[in-house]
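K.L.:
coords please:
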Amino acid sequence: MIKYLLLVFVFFCSQASWSTVHYKHVSTDRTAQTLFDQGMLNYYGYLYVQAEYNFRQALQYDPRCGMCYWGIAVSKKQQLIELNKPFSRVGLDDMKNARRLVSSQKEFQSDLIQATMKSFSIDPTLSSQQLQIQYIDALRKLYQKYKSNKEWRGESLALLVDALAYSTIEDDGEASHCSRTSNQDYKQEALHLLRPILKDASYPDHPGLLHTYIHLAEKNLKDPLGEIVAQKIPAFSMGKIAHYTHMPNHIYWRRGRYNEAIQANLAAIEIDDQYFKNNGAGLNSYYYEYHYLHSYQFLTVLNVLTNNVDQSLFYAHTAKELMDGTRLDSLKDYRDILFSLEHLVLARFGKWHEILLLDMPEGTKELGTLFIQFSQALAYLHLGNEEQFNTLYSQIKNQKYTKESKSDYQILVLSYLTASHMSLHHASLIDIENVFVTNNVNTIEKKLSSMNPPVWFFPYSLFLSEAAVARSDLQAAKRHHVEFEKIYPNSTLGYSANPK
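P.N.:
Numbers count the residues shown, from 1 in each chain. Below you'll find the model as predicted:
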């Protein structure tokens, strides 16, 4: 397998051709053209606020740049999609300007504008989900028309697969970072389109194609193409767009290459630090939380998985210190994840006294409260205060949630607390196993495994492996540890030695 990967990688490296995103004849003004192309590179790097800023700057040099108005419209739309907010009207005026200014003689640009108009409407009965489906259908037709056109085949495909990746839209105003389509048909459609193109040396590498592929295929640990794409995408960062530098992390961490993942996040943070020093537009938007603090969150979890308590606590604390809770009203769950991260790390490493000394941050909502109470309950249990443990357990159990994801986390928390209590009171391994089986914990953990990074790093398989070791049942310990390694290969997380 390793030999095969090396051969494939050498082949692709020898055949690859590099390009930035370039739309010919967007503007006769050279500066406006350059700014537009920079905007598209930022757009495919999910730096939508900076992309919008680039497009607006381009208009200062060429007020008749119709495609610049198109860029503004799609950038504003994506900003709202990532916040799960309605976008139906946000780009309408910009799209009207784009349609007015772009000549039908510029065939691809004109066709793209007509396709993008499907994203916007004044009809209040059309949901964002319906508009996105209309947009996807229009982009399918666009790609069919241009898939044999060397100039526009890559771009038309990049726009289509990007839209397919964002096909699940809730309009509930509660954003979920790194969430992608839950529609498996759309996902498979995108992968079916992407794979032959990414293997075709006649196609220049495109940041949108590479980026979307990583998000859609990262969980396929046996996919050699994922490794190749991870090697290619940082070139589009050019020391300025941190997210392209960060993206190989998504491939590496799932394959147990934690040190490489850590380095990718550290490099991304360094780029963002410089970007913010230069007053980058992303500093004043949720990009700061979604990408910059996201890298700190990843570093926290990666150091948990490599059993590095000091570094994981450092990054968890730093993420909390760097965040501004008042900015995150549209990202309540993400804010709660950062608020509770330090508590969870302390719980993971059994720092019981430290947990009880740590305050619950002001403004903590449902998810953060659940995780912090979980860590406190574990602390009281292990410190022998069963009264406080039972009080917190009851509070957690009696809480009612409307969102399925929070109910899932509640089940995980209660199952772990129950199993911990039973284990400390010398229950049999089979009785402890039945707690997780009865509550379908395996199914829930698999469902939540798409999270990047994992929010829940208390896998039941590791708990059972450690419980088996404590009961000198090494056969069961090994069996459960094998299951743990399927999710977190090469991880050294855990209190007990790996029962090989």
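K.L.:
ranges for the helices of the stretch 201-350 of the chain?
P.N.:
Under the criterion DSSP state H, counting those that start in this stretch, the stretch 201-350 of the chain contains helices at 207-217, 224-232, 242-246, 248-254, 258-277, 287, 294-305, 309-322, 332-348.
K.L.:
which residue packs closest to residue 211, ignoring adjacent ones?
P.N.:
Counting by Cβ to Cβ, 6 or more residues apart in numbering, residue 211 lies nearest to residue 44, which is 5.8 Å off, once chain neighbours are set aside. For the C-beta atoms, the positions are set from N, CA and C on the backbone; glycine is no exception.
K.L.:
mind showing which ranges of the stretch 101-250 of the chain have poor pLDDT?
P.N.:
168-182 (pLDDT under 70).
K.L.:
change it to 50
P.N.:
171-177 (pLDDT under 50).
K.L.:
just to revisit the earlier point, what number of residues lie near the residue nearest to residue 211?
P.N.:
24 (other Cβ atoms under 10 Å).
K.L.:
and it, what does it touch?
P.N.:
Neighbour list for residue 44: 21, 158, 162, 206, 207, 208, 211, 236 [criterion: Cβ atoms under 8 Å, 6 or more residues apart in numbering].
K.L.:
thinking again about what came up before, of the helices of the stretch 201-350 of the chain, give the one that comes closest to residue 398.
P.N.:
Proximity to residue 398, assessed across the helices of the stretch 201-350 of the chain by Cβ to Cβ, is greatest for helix 332-348 (19.0 Å).
K.L.:
That closest one packs against which elements?
P.N.:
helix 294-305, helix 309-322, helix 352-357, helix 366-382 (3 or more Cβ pairs under 8 Å, 6 or more residues apart in numbering; DSSP states H and E).
K.L.:
and if we set it to 10 Å?
P.N.:
Packing partners of helix 332-348 (3 or more Cβ pairs under 10 Å, 6 or more residues apart in numbering; DSSP states H and E): helix 294-305, helix 309-322, helix 352-357, helix 366-382, helix 404-424.
K.L.:
what's the angle from it to helix 294-305?
P.N.:
20 degrees (axes from the mean of the first three to the mean of the last three Cα atoms, to 10 degrees).
K.L.:
Send over helix 332-348 as CSV, restricted to the C-alpha atoms.
P.N.:
Extracted as CSV, the C-alpha positions of helix 332-348 are listed here (Å, rounded to 0.1, in the frame of the first residue of the first chain):
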residue,chain,number,x,y,z
LYS,A,332,-23.9,30.1,20.4
ASP,A,333,-23.0,26.4,20.2
TYR,A,334,-19.5,27.2,18.8
ARG,A,335,-19.0,29.8,21.6
ASP,A,336,-20.1,27.1,24.1
ILE,A,337,-17.6,24.6,22.7
LEU,A,338,-14.8,27.1,23.2
PHE,A,339,-16.1,28.1,26.6
SER,A,340,-16.2,24.5,27.9
LEU,A,341,-13.0,23.2,26.1
GLU,A,342,-10.7,23.8,29.1
HIS,A,343,-13.1,21.9,31.4
LEU,A,344,-13.3,19.0,29.0
VAL,A,345,-9.5,18.7,28.7
LEU,A,346,-9.1,18.8,32.5
ALA,A,347,-11.7,16.0,32.7
ARG,A,348,-10.0,14.0,30.0
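K.L.:
leaving aside the residues next to it on the chain, what's closest to residue 223?
P.N.:
In space, and not counting its chain neighbours, residue 223 is closest to residue 217: 5.6 Å by Cβ to Cβ, 6+ apart.
K.L.:
Counting neighbours, what do you get for that neighbour?
P.N.:
Residue 217 has 20 nearby residues by other Cβ under 10 Å.
K.L.:
Same question for residue 314.
P.N.:
17.
K.L.:
OK, contacts around it?
P.N.:
With contact set as Cβ atoms under 10 Å, 6 or more residues apart in numbering, residue 314 has these partners: 296, 299, 300, 303, 308, 342, 345.
K.L.:
before we move on, what about residue 446?
P.N.:
Residues near residue 446 by Cβ under 10 Å, 6+ apart: 440, 487.
K.L.:
my guess is it is in a helix, correct?
P.N.:
Yes: using DSSP: H, G, I helix; E, B strand; the rest coil, the assignment for residue 446 is a helix.
K.L.:
Isn't residue 46 up against residue 290?
P.N.:
Yes: counting by Cβ atoms under 10 Å, residue 46 touches residue 290, with 7.8 Å between them.
K.L.:
possible to save the helices and strands packed on helix 332-348 as TSV with mean pLDDT and distance to residue 282?
P.N.:
Listed next are the helices and strands packed on helix 332-348 as TSV, based on pLDDT from 0 to 100; distance: least, Cβ to Cβ, whole Å:
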stretch	mean pLDDT	distance to residue 282
helix 294-305	98	12
helix 309-322	97	14
helix 352-357	99	34
helix 366-382	99	25
helix 404-424	98	27
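K.L.:
In terms of residue numbering, what are the domains of this protein?
P.N.:
For the chain, the structural domains run 2-255, 303-487, going by automatic domain parsing.
K.L.:
could those go into TSV alongside distance to residue 285?
P.N.:
Converted to TSV, the domains of the chain look like this (distance: least, Cβ to Cβ, whole Å):
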stretch	distance to residue 285
domain 2-255	4
domain 303-487	9
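K.L.:
how about those, which one is nearest residue 270?
P.N.:
domain 2-255 (8.1 Å).
K.L.:
quick one on the thing from earlier: got the contact list for the residue nearest to residue 223?
P.N.:
By Cβ under 10 Å, 6+ apart, the residues touching residue 217 are 187, 190, 191, 194, 195, 198, 223, 225, 226, 229, 250, 251.
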